[in-house]
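Participant: Next one to model:
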Amino acid sequence: MVNWLNSIIKAGSRIKAAIRKRATKEELAKSNYVSCCKGLISKKEITNNFHTCPYCFKHFKVTPAERFGYLFDSGIYETFKTPIPNDDPLGFVAVKAYKDQLKSARKKTGLDCSMVVASGEINKIKCTAIASDWGFLGSSIEAAEGESILFAAMHAIENKQPLIIVAQGGGMRMQASSISLMQMPRSALAINDVKAAGLPYIVIMSDPVAGGITASYAMLGDIHFAEPGATVAFAGKRVISGTVNEELPADFQTSEAVLKAGFIDRVCHRKDLNEEIGKLLSILLKKKSISTEEIDETSEDTQQISKTA
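Facilitator: Residues are numbered from 1 along each chain as shown. I've put the predicted structure just below:
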């Protein structure tokens with residue numbers, strides 16, 4: 001009798017455990033649903049809403065192809081093949097060899113590195129843009145990504161186009177050590193050249209932006225946009241909390257909190273970025289044109305005064 005009751009109790013426990021068991025990330029990735037504020041939401045519903053939740057407006061990560069499709073007019077753009085330096089020049093030792101990590105990332109994303117350079121129109125203004133793929137080693141930066149930024153900067157200057165970078169990632173890739181760190185000043189110098197050419201440089205921050213990315217090209221924009229809820233930081237929240245030995249606010253390092261602190265200029269929903277950036281570029285380029293005309297008029301007046309004298 002006791003054994004019979006124990007069997008029933010154990011069976012009931014197993015059934016309860018099975019009902020309460022949450023799906024793993026791998027299981028969700030293979031399903032037609034994602035987990036968000038309302039529980040499971042269909043991927044189709046998320047995709048049809050610019051890869052954002054229609055209820056809480058959470059912005060899910062997107063591929064460069066999806067990003068450019070949302071950013072450029074009518075989703076029309078062209079991509080460029082950028083230089084790819086030799087893999088693992090330092091022979092980084094890890095449980096999984098760095099070369100094998102790169103092979104896995106390339107197989108997973110179909111990309112040679114985490115960044116893609118593209119050109120298309122925003123509000124009928126031809127632009128050069130860069131976007132990253134989180135699936136490629138967390139959008140971290142190494143020599144290949146540095147080459148992508150340099151390529152984009154040169155393309156923007158040669159074609160007199162504004163440069164737009166969608167900043168995303170945890171920072172410099174530790175597997176390349178100092179080679180990764182060198183991409184911080186390299187990218188900064190390239191962006192300075194874009195600005196010296198009188199071209200707008202706009203940054204869009206997509207969750208998360210941290211480390212050396214924050215400390216370099218992500219904070220050099222003429223205007224800084226951020227998507228809602230994006231983490232914008234240098235050191236991580238847990239690191240800071242442990243250092244100061246204090247409990248930090250729930251919204252600490254979110255784009256909304258960073259906006260209040262004056263660190264960025266605007267928090268903008270992904271669906272509105274094309275329109276917002278288009279308007280901004282029209283203003284910036286019009287002002288540049290007006291300034292040039294004023295300089296020309298001044299030069300003519302000066303010449304006339306000289307002739308009269």
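Participant: could you show me where the strands are in the stretch 101-250 of the chain, in order?
Facilitator: 115-122, 125-132, 163-169, 201-209, 223-226 (DSSP state E, counting those that start in this stretch).
Participant: between the fourth one and strand 163-169, how big is the angle?
Facilitator: Orientation of strand 201-209 against strand 163-169 (axes from the mean of the first three to the mean of the last three C-alpha atoms, to 10 degrees) gives an angle of 10 degrees.
Participant: for strand 201-209, packing partners?
Facilitator: Secondary-structure packing of strand 201-209 (3 or more C-beta pairs under 8 Å, 6 or more residues apart in numbering; DSSP states H and E): strand 163-169, helix 183-196, strand 223-226, helix 273-308. All C-beta atoms are positioned from the backbone trio N, CA, C, and that covers glycine.
Participant: so who does the residue nearest to residue 145 when sequence neighbours are not counted touch?
Facilitator: Distance criterion C-beta to C-beta, 6 or more residues apart in numbering; nearest residue to residue 145, sequence neighbours excluded, is residue 115 at 4.7 Å. By C-beta atoms under 8 Å, 6 or more residues apart in numbering, the contact set of residue 115 is 64, 82, 130-133, 144-145, 148-149.
Participant: give me that answer again for 7 Å
Facilitator: 130, 132, 145, 148 (C-beta atoms under 7 Å, 6 or more residues apart in numbering).
Participant: ok, of these, which one's closest to residue 53?
Facilitator: Compare each of the contacts of residue 115 with residue 53 using C-beta to C-beta and the shortest gap goes to residue 132, at 21.5 Å.
Participant: what about that closest one, distance to residue 55?
Facilitator: 27 Å (C-beta to C-beta, to the nearest Å).
Participant: which stretches of the stretch 1-150 of the chain form helices?
Facilitator: Counting by DSSP state H, counting those that start in this stretch, the stretch 1-150 of the chain has helices at residues 2-20, 25-30, 43-47, 64-71, 98-109, 143-158.
Participant: hey, least reliable of those by pLDDT?
Facilitator: Lowest mean pLDDT within those: helix 2-20, a mean of 60.
Participant: Skipping adjacent residues, who's closest to residue 176 in space?
Facilitator: residue 142 is the one closest to residue 176 (C-beta to C-beta, 6+ apart), at 4.5 Å.
Participant: and the one you found, how far is that from residue 211?
Facilitator: In terms of C-beta to C-beta, residue 142 sits 13 Å off from residue 211.
Participant: Show me how the record splits this protein into domains.
Facilitator: Domains of the chain are assigned by automatic domain parsing as 26-58, 62-308.
Participant: number of nearby residues for the nearest residue to residue 171 once chain neighbours are set aside?
Facilitator: Leaving aside its chain neighbours, residue 171 sits nearest to residue 211 (2.2 Å; criterion: C-beta to C-beta, 6+ apart). Residues within reach of residue 211, counting by other C-beta atoms under 10 Å, total 20.
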